[in-house]
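>>> Based on what follows, work out the 3D shape:
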Amino acid sequence: MMYDQARAQQPPDKGVGAAARWAPGPEPLLPAEERDRVSQRLRQALLDFADTPREALEAAESAFDEVTAELASALAERRRVLRAGWQDQDAQAQAEEFRHALRQYREITERLLRL
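Residues are numbered from 1 along each chain as shown. Below is the predicted model:
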């Protein structure tokens, strides 16, 4: 909570472009409804395991495969948006936009390393 209050008191970034509009933070990489749907599939696989272990494992594997594909797609889209924000900047906007993009890349990469 203290972190959020400190963040709220900071002035907004003054960068321009798509990267500046893409707010940093702990927002989920996948939409809530997708996470809920896959979580439900995993719960069902656990419930089904006693009666049909092989099918339960196949369902869990399918859920895993789907999430990894969705995650790869979401990360590729974030990369595309970040790159579009700094790739064609003029000389004056470059330094701030580059700084903002670097901060975004660092935050996303650190989140992935903590998985």
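
>>> rest of the way, CA atoms for contacts and neighbours
Will do.

>>> Of all the helices and strands in the chain, which has the lowest average confidence?
helix 2-9 (a mean of 38; mean pLDDT, DSSP states H and E).

>>> can you pull the contacts of the residue nearest to the spatial centre of the chain?
For the chain, L29 is the residue whose C-alpha lies nearest the centre (C-alpha atoms, centre = their mean; 2.6 Å). L29 sits next to L71, A74, L75 when contact means C-alpha atoms under 8 Å, 6 or more residues apart in numbering.

>>> Kindly tell me how buried E107 is, as a neighbour count.
Each residue near E107 was counted by other C-alpha atoms under 10 Å, and the total is 15.

>>> actually P28, not the one I wrote
A total of 8 residues lie near P28 under the criterion other C-alpha under 10 Å.

>>> counting contacts, what elements does the helix ranked longest in the chain pack onto?
Selection of the longest helix in the chain by residue count, based on DSSP state H, yields helix 53-86. Counting contacts by 3 or more C-alpha pairs under 8 Å, 6 or more residues apart in numbering; DSSP states H and E, helix 53-86 is packed against helix 18-21, helix 32-48, helix 91-114.

>>> Point out the most buried one among those.
Scoring the helices and strands packed on helix 53-86 by mean neighbour count under mean count of other C-alpha atoms under 10 Å gives helix 18-21 as the most buried, with a mean of 19.

>>> Need the pLDDT of the residue of the chain positioned farthest from its centre.
Computed with C-alpha atoms, centre = their mean, the residue of the chain farthest from its C-alpha average is D51, at 35.8 Å. For D51, the pLDDT comes out at 96.

>>> secondary structure class for it?
coil (DSSP: H, G, I helix; E, B strand; the rest coil).

>>> how far away is it from Q44?
Look at D51 and Q44: by C-alpha to C-alpha, to the nearest Å, they are 12 Å apart.
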